[in-house]
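A.B. asks: I'll drop the sequence and a predicted model, then ask my questions.
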Amino acid sequence: MLSLISRTLLSRSVTTGQKALLLESLKHPNADDQQTRTFVGDVISPGQLMGIEHLRDPRLNKGLGFTLEERQALGIHGLQPARFKTQEQQLELCRMSIERYQEDLNKYIYLTELQDRNEKLFFRLLSENIERFMPIVYTPTVGLACQKFGLIYRRPRGLFITINDIGHVYDVIKNWPEPNVKAIVVTDGERILGLGDLGACGMGIPVGKLALYTALAGIKPHECLPIVLDVGTNNQNLLEDPLYVGLRQKRCTGKLYDDFVDEFMEAVVTRYGQNTLIQFEDFGNHNAFRFLDKYRGEYCTFNDDIQGTASVAVSGLLASKRLTNKKLSDNKFLFLGAGEAAIGIADLTVKALENEGLSLEEARDRIWMVDIDGLLAVDRPEGNLEGHKKFYAKNHAPIKNFAAIVNEIKPSVLIGASAAAGAFTPEVLKSMAQFNERPIVFALSNPTSKAECTAEQAYTHTEGKVIFASGSPFGKVEYGGNTFYPGQGNNAYIFPGVALGVLLAGIHHINEQIFLIASETIAENVSEEDLKKGSLYPPISAIVECSKQIAVKILNYAYDERIASVYPKPKDMRKYIESHQFNYNYEPSLPQSWPWPNPPYIKTRPMEPVKLKA
Ligand SMILES: O=C([O-])CC(=O)C(=O)O
Ligand SMILES: [Mg+2]
């Protein structure tokens, strides 16, 4: 039962005089526990969650990491076992727990639940074990999680805005509890990785991408908002699936769809400001390019599949120069796929070639592309050469067969972004090794099941000559007495650092140069040792440092070019960045100026932390 005093305090309208009086009452031997807790709570900070609610809040929860003093002051004493644990001991337990699961999807569920109950522990676990857990919370397992979304859905994370909300999108965004969102990743689920249309189940992607915003770039979790625009799905299996959780209707298209996305963009900046970063992710091809062109001059936005993927691929190409001793312009590039990723990479490669002194025409001339209708040839009967495709169409007889195209063009660089699993056949790979001393082969489609070839196939069929990278992770490959550790050319090297730099500089519009800066930064971080091991990328564990370096360079660029809007200009960019990053280490839950030398009622002595046995 709450006493009158406690209720007064709960109302948070106590005066200093009342507090002094209550402080007095605390010392009274008859003051009951409830009074004590309530009073202490009020002193900690108005609005501080007390009791069980403190444990239930993933931002505040430290599990057994609360000290005795904290447990008593917060009113959670006795709600947990007596043991005290350090965060390190908790991390060890997390690692042990995950290993108990055989299936990656179960590991994914474990990690999601950890994020739901203890945010700092989740992000520390992820940040300090990126190589191990990125493939679970992100590609490739996140693909499976999206496919099974209806089955594993437990708690909401992110916003689902449906086409039925048109006219009221702002009201839906208003329901998001965080007032200070700075970055949004949004999808309409039409092209989830290489898996196709997964409708509302695509939510796993924005959630996974934003987990990397925090784990790899230290962007604060409460500043990140994952969003699905649910406009239906054309995936018949999902429409008939009793477990499907999205709108059960065909995709809305045309003017209504465009008006809906327009309204969404406006609603975002109305609630969170013009500088809110909006990352488009896994939209269908036709919409991805349209929206990028339409919104990039008006909003702070980029398309990760076009620009992020381009940036990481170009970074790999820049690093490959050190192995081939060629200039970029000495290469002939052949792309399988002419969608978001392929066109994005081609466009940014053109920019990099121009930087080497080529004209726009000369640069485009070096790039050949193949789509579902075969080689992009000016006179091919199918046409289908809209948008940027026409820049790469050649005056060449139409050819359809991919192996024949490879033999005809004789490229030095082969880039797959087609979601056509296994398209780089042994025959294709052998041909590449015939024309080139060191053929460059990127099999970038995700997840692993969609890769154009595996790492093992690439090394085997080129007799170990290949310079290989993939979009999804592959383990090491033994070939001819050598061990190769292929790099993962995934946009995770790029988007977290770009977002960090853009947000901290207050850049209004994100130009291509920013992505080239990111490419160069990653390429500079590739060591001789990485190259020797067969990787064109720094180790995954280095992404945290790389993201910081990308952000420093973007900040310098933004101030030099006067596209920054945060003033005064920071003196030390690195320090400025670090001062804004998320701290995943536990911090005291009580204010430093604790008014008592001892907690209100210590009757228990803290136990010494005990070392966990594996
Ligand atoms: O999510 C990933 O791993 C990379 C990416 O953007 C995609 O494949 O669509
Ligand atoms: Mg994507």
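C.D. replies: Yes, it's here. Ligands and ions are numbered 1, 2, ... in the order given.

A.B. asks: what's the first-to-last distance across stretch 280-299?
C.D. replies: End-to-end distance of stretch 280-299 (CA to CA, to the nearest Å): 12 Å.

A.B. asks: which residue ranges form the strands in this structure?
C.D. replies: 159-162, 183-187, 224-230, 277-280, 300-303, 333-336, 367-371, 374-375, 413-416, 440-443, 467-470, 477-479, 482-484, 487-488 (DSSP state E).

A.B. asks: Got the phi and psi for the nearest residue to residue 135 once chain neighbours are set aside?
C.D. replies: Excluding the flanking residues, the one nearest residue 135 by CB to CB, 6 or more residues apart in numbering is residue 473, at 5.3 Å. (Glycine included, C-beta is placed from N, CA and C.) Dihedral pair for residue 473: phi -70, psi 140, per degrees, to the nearest 10.

A.B. asks: now residue 473: how far from residue 156?
C.D. replies: To residue 156, residue 473 is 29 Å away according to CB to CB, to the nearest Å.

A.B. asks: Looking at the two, which one has more neighbours?
C.D. replies: A direct count of neighbours by other CB atoms under 10 Å for residue 473 and residue 156 places residue 473 higher, at 19 against 9.

A.B. asks: Is it correct that that one is in contact with residue 140?
C.D. replies: Yes - here residue 473 reaches residue 140: they are 7.3 Å apart, a contact under CB atoms under 8 Å.

A.B. asks: so what sits against both of these two?
C.D. replies: Among the neighbours of residue 473, those also in contact with residue 140 (CB atoms under 8 Å, 6 or more residues apart in numbering) are residue 448.

A.B. asks: Give me the buried stretch members for stretch 180-197, please.
C.D. replies: For stretch 180-197, burial by neighbour count (16 or more other CB atoms under 10 Å) applies to 181-195, 197.

A.B. asks: Which ones, among the residues you listed, also lie beside ligand 1?
C.D. replies: residue 193 (CB under 6 Å from any ligand atom).

A.B. asks: Looking at the buried residues of stretch 180-197, which one is closest to residue 413?
C.D. replies: For the buried residues of stretch 180-197, the minimum distance to residue 413 (CB to CB) is 20.5 Å, reached by residue 194.

A.B. asks: contacting residues for the closest one?
C.D. replies: 419, 421, 445, 446, 447, 450.

A.B. asks: Closest one to residue 563 out of the residues you listed, please.
C.D. replies: Taking the contacts of residue 194 together and measuring to residue 563 by CB to CB, the closest member is residue 446, at 31.7 Å.

A.B. asks: Check the burial of that closest one by counting its neighbours.
C.D. replies: 27.

A.B. asks: got a pLDDT number for it?
C.D. replies: Confidence at residue 446, expressed as pLDDT, is 96.

A.B. asks: and if you look at residue 382?
C.D. replies: In this model, residue 382 carries a pLDDT of 96.

A.B. asks: Now do the contacts for residue 209.
C.D. replies: 138, 185, 226, 279, 281, 304, 495.

A.B. asks: Buried ones from the residues you listed, can you make that a PyMOL selection?
C.D. replies: Buried subset of those, written as a PyMOL selection, criterion 16+ other CB under 10 Å:
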select buried, resi 138+185+226+279+281+304+495
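
A.B. asks: Quick one: the contacts of residue 209 as CSV, columns for pLDDT and distance to residue 315 too.
C.D. replies: Below are these laid out as CSV (pLDDT from 0 to 100; distance: CB to CB, whole Å):
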residue, pLDDT, distance to residue 315
138, 98, 18
185, 98, 21
226, 98, 26
279, 98, 19
281, 98, 19
304, 98, 15
495, 98, 13
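
A.B. asks: So which of the contacts of residue 209 reach ligand 2?
C.D. replies: residue 281 (CB under 5 Å from the ion).

A.B. asks: where does the stretch 451-600 of the chain have low pLDDT?
C.D. replies: 592-600 (pLDDT under 70).

A.B. asks: In it, what residue lies closest to ligand 2?
C.D. replies: At 7.0 Å from ligand 2, residue 491 is the closest residue in the stretch 451-600 of the chain, using CB to the ion.

A.B. asks: which ones are touching the residue in the stretch 351-500 of the chain that ligand 1 sits nearest to?
C.D. replies: Nearest to ligand 1, among the residues of the stretch 351-500 of the chain, is residue 446, at 3.7 Å (CB to the nearest ligand atom). With contact taken as CB under 8 Å, 6+ apart, residue 446 is in contact with 139, 140, 143, 193, 194, 471, 472, 490.

A.B. asks: could I get these as JSON lines with distance to residue 398?
C.D. replies: Below are those laid out as JSON lines (distance: CB to CB, whole Å):
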{"residue": "139", "distance to residue 398": "34"}
{"residue": "140", "distance to residue 398": "35"}
{"residue": "143", "distance to residue 398": "34"}
{"residue": "193", "distance to residue 398": "30"}
{"residue": "194", "distance to residue 398": "26"}
{"residue": "471", "distance to residue 398": "29"}
{"residue": "472", "distance to residue 398": "32"}
{"residue": "490", "distance to residue 398": "33"}
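
A.B. asks: Quick check: residues of the stretch 251-400 of the chain near ligand 2?
C.D. replies: Checking the stretch 251-400 of the chain against ligand 2 by CB under 5 Å from the ion, the hits are 281, 282, 305.

A.B. asks: now the residue nearest to the first one when sequence neighbours are not counted: how far from residue 202?
C.D. replies: Counting by CB to CB, 6+ apart, residue 281 lies nearest to residue 187, which is 4.7 Å off, once chain neighbours are set aside. The gap separating residue 187 from residue 202 is 5 Å, by CB to CB.

A.B. asks: Between the two, which contacts overlap?
C.D. replies: 228, 282.

A.B. asks: For the closest residue to ligand 1 within the chain, grab phi and psi.
C.D. replies: The nearest approach of the chain to ligand 1 comes at residue 139, 3.3 Å away (CB to the nearest ligand atom). Main-chain torsions, residue 139, degrees, to the nearest 10: phi -60, psi 130.

A.B. asks: Isn't it up against residue 490?
C.D. replies: Yes - counting by CB under 8 Å, residue 139 touches residue 490, with 6.3 Å between them.

A.B. asks: Which one of those two is surrounded by more residues?
C.D. replies: The neighbour comparison of residue 139 against residue 490 (other CB under 10 Å) goes to residue 490, with 26 against 23.

A.B. asks: Can you name the residues that contact the closest residue to that one other than its chain neighbours?
C.D. replies: Distances taken as CB to CB, 6+ apart place residue 471 nearest to residue 490, at 5.4 Å, with adjacent residues excluded. Residue 471 makes contact with 139, 309, 417, 443, 444, 445, 446, 451, 488, 489, 490, according to CB under 8 Å, 6+ apart.

A.B. asks: Over to residue 569?
C.D. replies: residue 559.

A.B. asks: quick revisit: now tabulate the strands of the chain in TSV and tack on distance to residue 245.
C.D. replies: Shown next, in TSV, are the strands of the chain (distance: least, CB to CB, whole Å):
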stretch	distance to residue 245
strand 159-162	9
strand 183-187	15
strand 224-230	9
strand 277-280	22
strand 300-303	26
strand 333-336	34
strand 367-371	33
strand 374-375	39
strand 413-416	32
strand 440-443	32
strand 467-470	31
strand 477-479	39
strand 482-484	42
strand 487-488	31
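
A.B. asks: Nothing else from me, thank you.
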